[in-house]
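**Student:** What follows is a protein structure lacking sequence information:
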């Protein structure tokens, strides 16, 4: 058994991505951010669909060509289609932002 909230990584100077489940067509990750964001000019362009939910903390996601960024708080989720370019504009520096991300092939 595991808990998505405990324990959190001791060192949050970098975003921490942990794979919880990995199978041929699905990967489940817990991501813990603490003030991190995507580097300037960087866009994720992933080959799989991704469903992501913020469990704790807060974040802003930006999609290429869209303005303003999408504000996310606990309980907010979004489906990101494969190859939909996106980036993390901001995560709360005051508390860990815990994400659950499910990558899958359609």
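**Tutor:** All right, it came through fine. Every value quoted in this text rests on a predicted model; they were computed, and no experiment measured them.
**Student:** What is whatever helix or strand residue 90 lives in packed up against?
**Tutor:** Element membership for residue 90 (DSSP states H and E) is strand 86-91. Secondary-structure packing of strand 86-91 (3 or more C-beta pairs under 8 Å, 6 or more residues apart in numbering; DSSP states H and E): strand 59-63. Yep, even glycine has a C-beta here, placed from its N, CA and C like the rest.
**Student:** Residues in contact with stretch 74-85: which ones?
**Tutor:** Stretch 74-85 is touched from outside by 43-58, 61, 63-64, 70, 72, 86, 106, with contacts defined as C-beta atoms under 8 Å, 6 or more residues apart in numbering.
**Student:** Just the mean pLDDT for the strand holding residue 90, thanks.
**Tutor:** Averaged across strand 86-91, the pLDDT comes to 98.
**Student:** just the strands in this protein please.
**Tutor:** Remark: strands assigned in the chain by DSSP state E are 16-22, 26-33, 49-56, 59-63, 70-72, 77-80, 86-91, 97-104.
**Student:** Tell me which other helices or strands the shortest one touches.
**Tutor:** For strand 70-72, the packing partners by 3+ C-beta pairs under 8 Å, 6+ apart come out as strand 59-63.
**Student:** Now the strand it packs on: buried residues?
**Tutor:** 59-62 (16 or more other C-beta atoms under 10 Å).
**Student:** Adding distance to residue 20, write those out as CSV.
**Tutor:** Listed next are the buried residues of strand 59-63 as CSV, based on distance: C-beta to C-beta, whole Å:
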residue, distance to residue 20
59, 19
60, 24
61, 21
62, 26
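**Student:** I'd like those as TSV, with pLDDT appended.
**Tutor:** Output for the buried residues of strand 59-63, formatted as TSV (pLDDT from 0 to 100):
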residue	pLDDT
59	98
60	98
61	98
62	97
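**Student:** Who is the residue nearest to residue 48 when sequence neighbours are not counted paired with across the strands?
**Tutor:** Leaving aside its sequence neighbours, residue 48 sits nearest to residue 103 (C-beta to C-beta, 6 or more residues apart in numbering; 4.5 Å). Legend: beta-bridge partners of residue 103 under DSSP bridges are residue 27, residue 50.
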